[in-house]
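based on what follows, work out the 3D shape:
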Amino acid sequence: MTALLAIVRKDLQLFRTDRRAVLMQIAAPVLISAFFGFVFSRTSGGAQTARITVLVADQDGSAISRAVRDGLASEPALEVKPASPEAARDQVRRGQAAVAVVLPGGFGSAARGALLGAAGKPEVPLLFDPSHPAERALLRGLLTQHAMQAVSRQEPAAGSEAPM
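Numbering: from 1, shown residues only. You can find the predicted model right below:
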């Protein structure tokens, strides 16, 4: 083991004395990556990155579904537009939107029941273009986040009215 450490130490000392080798091993990769980053950058001059078009069909109209819809609209990566379920399906099929969410009737009460453990989680249809799996996964995560936040914000107020 000591022989191996002696060889490594000798090679590092030789490497450190060769300035050209140090420059090529450290500075060159940094400069090359900076150059490619400049050439292939997608945004220029403060332009915003592209937003994912998401259609939301709210068939419930409850406070929870409105909070979920507003939460999705507040996300900087999403451009949320209201639509009917039929129009959303048609626009996703034609490629005008990557993903569509249909909040079914009774979504708010089903989500509240799922949080309390009284019912299963509500089924929320996601209409998506199969060529956009990343957008679908992003929307599924954000939808779950905003649904949980909306239900937990609504539940303490509803729980305070219930008799003990």
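
could you pull out the strands for the protein?
Residue ranges of the strands in the chain, as given by DSSP state E, are 52-58, 78-82, 99-103, 126-128.

point out the most buried one among those strands.
Of all the strands of the chain, strand 99-103 has the most neighbours on average by mean count of other C-beta atoms under 10 Å, namely a mean of 24. (Each C-beta comes from the backbone N, C-alpha and C, glycine too.)

and the gap between the closest residue to Ala150 other than its chain neighbours and Leu103?
The spatially closest residue to Ala150, leaving aside those adjacent along the chain, is Ala67, at 3.6 Å (C-beta to C-beta, 6 or more residues apart in numbering). In this view, Ala67 and Leu103 are 11 Å apart by C-beta to C-beta, to the nearest Å.

please apply the same query to Val151.
Counting by C-beta to C-beta - Val151 and Leu103 are separated by 13 Å.

just Glu86 next, same as before
15 Å.

and Val22, by the same measure?
From Val22 over to Leu103 (counting by C-beta to C-beta), the distance is 60 Å.

for stretch 106-125, which positions count as buried?
Neighbour-count burial for stretch 106-125 flags Phe107, Gly108, Ala110, Ala111, Arg112, Gly113, Ala114, Leu115, Pro122, Val124 (criterion: 16 or more other C-beta atoms under 10 Å).

who does the least confident helix or strand in the chain by mean pLDDT touch, helix- and strand-wise?
The helix or strand of the chain with the poorest confidence is helix 133-161; it has a mean of 77 (mean pLDDT, DSSP states H and E). Using 3 or more C-beta pairs under 8 Å, 6 or more residues apart in numbering; DSSP states H and E, the elements in contact with helix 133-161 are strand 52-58, helix 63-73, strand 99-103, helix 107-116, strand 126-128.
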